[in-house]
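1. Sequence plus predicted model, see below.
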Amino acid sequence: MAERIRTLTGHLVRHTGKKSPDVQNVSGNLSPAVQSSFRYTLENPLKTLTKNQRNFYEENGYLVIKYLVPVSALQSYRKRFAEICNGECTVPGLTVMKDVALAKSSPIQGEKAVVKIQDFQYDDALFQYCCLPQIIRYVENFTGPNIMAMHTMLINKPPDLGKKTSRHPVHQDLHYFPFRPADRIVCSWTAMEKVHRQNGCLVVVPGSHQGDLKPHSYPKWEGGVNKMYHGITNFDPTLPMVHLEMDPGDTVFFHPLLIHGSGTNRTDSFRKAISCHYASTDCHFIDIAGTSQENLAEEVIDLAVKRTGLPREDIQFKDIWTLKSRCVKGEQNHLQGY
């Protein structure tokens, strides 16, 4: 596998030679998780989570922490996003995505043409978000002390052009991940401005993290669907859902099996959020052949082939995820990032 990764890296990534930004050790040495009534959260000497917060996450699969990220940090991420969109800098391995409605018909360029950037793990300016001590303090309650950043995104949900393509179908993030166990994976999702129902806030199905991974596919929407925006097949719309309206800096932590999505942006402004999926380095890659994730893996590999020009047999799904990841804190163990 090492030789495949080196070859793929040469096509996808120009390594900067820099280590991850320093992260303050906010927890000291954590002892192994003790057996308790808690499944989805771990014991933490600093008691970052109250018992009520742990109980809420255990039952619902998500937890919102108010004003966790300062406005000054959000402003720096916004500035860097604009620089990337305007072509003022090049980030190795970064993926820049346009809304399907804009990509087909609009001459709009720059920041207003971009719906999302992802895989910014090699950009130290944006990667600072993944290493914020106040976020890591919470992440450790879900992953333990050895932490990998596995997937990074800055979402720029555009004003909808009438096609409803700005919405995101309800899905489970674990559909995209070839590593387990799911209970040692968590997402931090931070609002960069006020997020509400009108501009397409997150919507979640409380308690759905206690279920299984559902089959996913592209929804058959008349206006089209953005690339990789898979949704749960035959989703039951009568399930109880909660809209997460958030202020700038508010951060929601949620389980990768939590069913969630976001609505149409019915305002005239873009709705920005920044996120990172973390996993314990004790997680391990799995073989997704023959599972509901296999079609997704084939689609991702197809894109990697187009991007690199490498033969298909030289690229494996887990190699791509290895390149996406970067160690944030502690020992790398089984999930070996670049």
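-> Looks like it came in fine.
2. Is residue 262 bridged to anything, and to what?
-> Residues in a beta bridge with residue 262, per DSSP bridges, are residue 168, residue 202.
3. pretty sure it is touching residue 200, no?
-> Yes. Counting by Cβ atoms under 8 Å, residue 262 touches residue 200, with 4.7 Å between them. In this view, the C-beta of every residue, glycine as well, is placed from N, C-alpha and C.
4. okay, and the common contacts of those two?
-> Any residue near both residue 262 and residue 200 by Cβ atoms under 8 Å, 6 or more residues apart in numbering counts here, and that gives 157, 167, 168.
5. Can you report how many residues lie near the second one?
-> Look at residue 167: counted by other Cβ atoms under 10 Å, it has 23 neighbours.
6. quick one: the helices in this structure?
-> With DSSP state H applied, the chain shows helices at 2-12, 51-60, 71-85, 100-105, 124-127, 133-143, 294-308, 317-324, listed in chain order.
7. Now for the closest residue to residue 184 other than its chain neighbours: which residues touch it?
-> Distance criterion Cβ to Cβ, 6 or more residues apart in numbering; nearest residue to residue 184, sequence neighbours excluded, is residue 280 at 3.9 Å. With contacts defined as Cβ under 8 Å, 6+ apart, residue 280 is in contact with 143, 144, 146, 147, 148, 184, 185.
8. who's residue 280 bridged to?
-> Beta-bridge pairing for residue 280 (DSSP bridges): residue 147.
9. any idea how far it is from residue 182?
-> Between residue 280 and residue 182 the distance, using Cβ to Cβ, to the nearest Å, works out to 11 Å.
10. list the residues that contact both of those two?
-> In the contact map built from Cβ under 8 Å, 6+ apart, no residue is linked to both residue 280 and residue 182.
11. what residues are up against residue 143?
-> In this structure, residue 143 makes contact with 42, 184, 185, 186, 278, 279, 280, judged by Cβ under 8 Å, 6+ apart.
12. rerun that using 10 Å as the cut-off
-> Residue 143 sits next to 42, 136, 183-186, 278-283, 328-330 when contact means Cβ atoms under 10 Å, 6 or more residues apart in numbering.
13. can you check residue 129 too?
-> By Cβ under 10 Å, 6+ apart, the contact set of residue 129 is 21, 69, 73-74, 76-77, 80, 120, 135, 149, 152, 154, 188, 190, 274-276.
14. The same query, at a cut-off of 7 Å, please.
-> Residue 129 sits next to 77, 274, 276 when contact means Cβ atoms under 7 Å, 6 or more residues apart in numbering.
15. Show me the strands in the stretch 201-338 of the chain, by range?
-> Ranges of strands within the stretch 201-338 of the chain are 202-204, 216-217, 231-232, 242-244, 251-254, 260-262, 271-280, 284-285, 326-329, based on DSSP state E, counting those that start in this stretch.
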